[in-house]
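In: sharing a model prediction with you, sequence too.
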Amino acid sequence: MGKVKVGIIGVGNCASALVQGVYYYKEKGDGEGLIHYDIGGYKVWDIEFVAAVDVSETKVGKDLSEAIFAPPNITPKFADVPKLGVTVARGPVMDGVAPHMEEVFKPVREGREPDVDEVADALREAEVVLNLLPVGSEEAARFYAEATLRARAAFVNAIPVFIASDPKGYWPRRYAEAGLPLLGDDVKGQVGATITHRTLVSLLRDRGVTVEGTYQLNVGGNTDFLNMLLEERLESKRISKTRAVTSLLRYGRKLEEGGGVRIGPSDYIPFLGNTKVAYIYIKARSFAGFPLTIDLKLSVDDKSMCAAVLADVVRVAKVALDRGEAGAIPEASAWYFKHPPLQAPSDAEARRWLEEWLTSGRRVVEPAKAKEGNPKVA
């Protein structure tokens, strides 16, 4: 089947887990722990990293095999990664680095920053470009969506900036016109807080129980959580995580408007490292109005949860490329992302969409109609 040539935007902890994961499974030779062992004939070890972009002085100019272990990354080494011959290129900082993260990320500030065409050139060898920028990188995410278009690659938007789910339809339309697939937005971890919360809410809904209120409080100790201490960077993140849950309920928006939902990052606890701890609480009414509560604590390695999904998604994007499909791919996005172009009524239905799309080779749901819009690209 050949290779899946991948470019990475943001060589952080998720990138480290993904790159190492490819070589871990290449050595292991089986699919234990993967969501899908085979996707369209592609195995995880068919992923080949051909480009990378970052802004940190600790990573720019280094081989990707070295950059994934450079500070402030803390993902532990769990696989031997050979020298890849991929030099991390410099990207523009834009809003990718929050003011309070300057000393942590140490962005290169000397000289002129590369423009969109120069970044496109750095990504030219990639077939699939994976956006792993920090939460809150609104302008930067759009910049890289444009650069990827010019590089003629599929774009996978793993962060909570609304590209594939752009309410004006601008990016889905641009990618459709270019004949390129677009997947996103905001990756849903393998067994993370969002998919767990959705599963609980689906259970209650399907069993006739009414949700009166719910919260999900997440804490962790990596740079993601440090970055998210700035509330103004969290607007899209909170919308993404909240709608992933409330979209399952016919009264979900009313619950939101009444203050019955609070979902999102809550604090940074350094000693937790890459461990993410989620506290999920649901208050509900069951038969004859009797109370029902769920109080759950989930603890996971945040970056392995992310990498498991990314290992699938880049192969799905390659399958879409092979088939000549273009624009937003709702069948895949609904299963793998928190804020897809179209939310499925349940995760079971989202998985059915994906599996039917993969096996039948045809569209299962119609992409949302693109609307006019033209967001500025810096």
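Out: Great, that's in hand. Computed from a predicted model, the values in this text were never measured in an experiment.

In: hey, let's count contacts and neighbours off CA atoms from now on
Out: Will do.

In: what about the stretch 251-378 of the chain, any weak spots by pLDDT?
Out: Within the stretch 251-378 of the chain, the stretches with pLDDT under 70 are 367-378.

In: go on, the stretch 1-150 of the chain?
Out: 1.

In: what segments of the stretch 201-350 of the chain are strands?
Out: Counting by DSSP state E, counting those that start in this stretch, the segments of the stretch 201-350 of the chain that form strands are 210-220, 261-268, 275-285, 291-301, 327-328.

In: need the winner for burial among those.
Out: Of all the strands of the stretch 201-350 of the chain, strand 327-328 carries the top mean neighbour count, a mean of 28, counting by mean count of other C-alpha atoms under 10 Å.

In: strand partners of it, parallel vs antiparallel please.
Out: If you go by DSSP bridges, strand 327-328 pairs up with strand 181-184 (parallel).

In: report the central residue of this structure.
Out: Nearest to the geometric centre of the chain sits residue 158, at 2.2 Å (C-alpha atoms, centre = their mean).

In: who are the contact partners of that one?
Out: Under the criterion of C-alpha atoms under 8 Å, 6 or more residues apart in numbering, the contact list for residue 158 reads 130, 131, 132, 184, 185, 186, 187, 337.

In: what about the last one, neighbour count?
Out: With neighbours defined by other C-alpha atoms under 10 Å, the count for residue 337 comes to 29.

In: ok, so what distance separates the residue of the chain most remote from its centre from residue 208?
Out: Each residue of the chain has a distance to the centre, and by C-alpha atoms, centre = their mean the biggest one is for residue 288: 40.8 Å. Note on residue 288: its distance to residue 208, by C-alpha to C-alpha, to the nearest Å, is 11 Å.

In: also residue 123?
Out: Plainly put, residue 123 is 50 Å away from residue 208 if you go by C-alpha to C-alpha.

In: going by distance to residue 301, which of the contacts of residue 158 wins?
Out: Distances from residue 301 to the contacts of residue 158, taken as C-alpha to C-alpha, are shortest for residue 187 (14.9 Å).

In: on that earlier part again, closest to residue 318 out of the strands of the stretch 201-350 of the chain?
Out: Among these, the nearest to residue 318 by C-alpha to C-alpha is strand 327-328 (13.3 Å).

In: name the residues that touch that closest one?
Out: Residues lying outside strand 327-328 but in contact with it, judged by C-alpha under 8 Å, 6+ apart, are 164, 172-177, 179-183, 341, 367.

In: let's see 10 Å
Out: Contact partners of strand 327-328, identified using C-alpha atoms under 10 Å, 6 or more residues apart in numbering, comprise 154-155, 163-166, 169, 171-184, 320, 340-342, 366-368, 370.

In: can you tell me which of the residues you listed are in strands?
Out: Cross-referencing those against strands under DSSP state E gives 154, 155, 181, 182, 183, 184.

In: surely the third one touches residue 145?
Out: No. The pair residue 181 and residue 145 fails to qualify as a contact (C-alpha atoms under 10 Å) at a distance of 11.5 Å.

In: and the helices in the stretch 201-350 of the chain?
Out: Along the stretch 201-350 of the chain, the stretches classed as helices by DSSP state H, counting those that start in this stretch are 223-227, 235-246, 252-257, 302-323, 330-336, 347-360.

In: okay, these, which one's buried deepest?
Out: Among the helices of the stretch 201-350 of the chain, judged by mean count of other C-alpha under 10 Å, the one packed with the most neighbours on average is helix 330-336 (a mean of 28).

In: convert it to PDB, retaining C-alpha atoms only.
Out: Extracted in PDB, the C-alpha atoms of helix 330-336 (Å, rounded to 0.1, in the frame of the first residue of the first chain):
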ATOM      1  CA  PRO A 330     -18.100  13.800   8.500                       C
ATOM      2  CA  GLU A 331     -18.000  10.000   8.800                       C
ATOM      3  CA  ALA A 332     -14.500  10.000  10.300                       C
ATOM      4  CA  SER A 333     -14.700  13.400  12.100                       C
ATOM      5  CA  ALA A 334     -17.800  12.400  14.100                       C
ATOM      6  CA  TRP A 335     -16.000   9.300  15.600                       C
ATOM      7  CA  TYR A 336     -12.600  10.800  16.300                       C
END
